[in-house]
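A.B. asks: predicted model, plus sequence, below.
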Amino acid sequence: MKRSMKIHWINWNKLCTLKKKGGMGFQDFHAFNLAMLAKQAWRLIHKNGSLFYMVYKARYFPNTSFLDVELGSNPSLVWRSLLVARDIIHAGSRWKIGDGRKISVATHSWLPHSPVFLNAPSMDMKVYDLIDEET
């Protein structure tokens with residue numbers, strides 16, 4: 001009777017684990033790709049004068065900011081990928097309130113949890129309106 005050789009598959013997470021920790025040390029290309037996309041999304045947030053920003057602003061978010069834009073109709077694969085990266089940045093970011101004049105109480109995610117209001121806030125109310133400058 002002849003024995004057949006079988007392939008013993010290994011979990012991808014195990015392959016990507018460092019060699020020192022018993023893995024094969026492979027690079028996680030999905031995580032690497034997301035990191036590179038997040039770097040480009042970061043540039044769309046902070047480098048408003050670049051050609052890259054101006055082209056994407058004109059095409060995909062002419063009337064809003066990159067942080068607030070929706071997917072839209074007929075998006076390219078690159079644009080979809082940048083929005084996934086934007087969501088990763090958004091999940092790991094925290095607000096710096098400053099004086100609160102530009103941050104809407106009702107529409108911006110300026111707290112780490114959903115705010116609880118006793119009364120419905122007006123849509124144009126800013127965080128500045130909640131700050132008592134004397135105390």
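C.D. replies: Perfect, thanks for sending it.
A.B. asks: which residues in this structure form helices?
C.D. replies: 12-16, 29-46, 51-60, 77-92 (DSSP state H).
A.B. asks: contacts for the longest one, please.
C.D. replies: Spelled out, it's helix 29-46. 50, 52-53, 56, 66-67, 81-82, 84-86, 88-89 (C-beta atoms under 8 Å, 6 or more residues apart in numbering). Every residue, glycine included, has its C-beta placed from N, CA and C.
A.B. asks: kindly recompute the last result at 6 Å.
C.D. replies: Applying C-beta atoms under 6 Å, 6 or more residues apart in numbering, the contact partners of helix 29-46 are 53, 66, 81-82, 85-86, 88-89.
A.B. asks: tell me the buried residues in it?
C.D. replies: Neighbour counts over helix 29-46 (16 or more other C-beta atoms under 10 Å) mark 34, 37-38, 41, 43-44 as buried.
A.B. asks: what pLDDT does residue 2 get?
C.D. replies: Model confidence at residue 2, given as pLDDT, is 67.
A.B. asks: and the contacts of helix 29-46, which two are furthest apart?
C.D. replies: Based on C-beta to C-beta, the longest span within the contacts of helix 29-46 runs between 53 and 88 and measures 19.0 Å.
A.B. asks: distance of the closest residue to residue 66 other than its chain neighbours relative to residue 70?
C.D. replies: Closest residue to residue 66 apart from its sequence neighbours, by C-beta to C-beta, 6 or more residues apart in numbering: residue 44 at 4.5 Å. Using C-beta to C-beta, to the nearest Å, residue 44 is found at 15 Å from residue 70.
A.B. asks: do residue 91 as well
C.D. replies: From residue 91 to residue 70 the distance is 17 Å (C-beta to C-beta).
A.B. asks: more neighbours: which of these two?
C.D. replies: residue 70 (10 against 7; other C-beta atoms under 10 Å).
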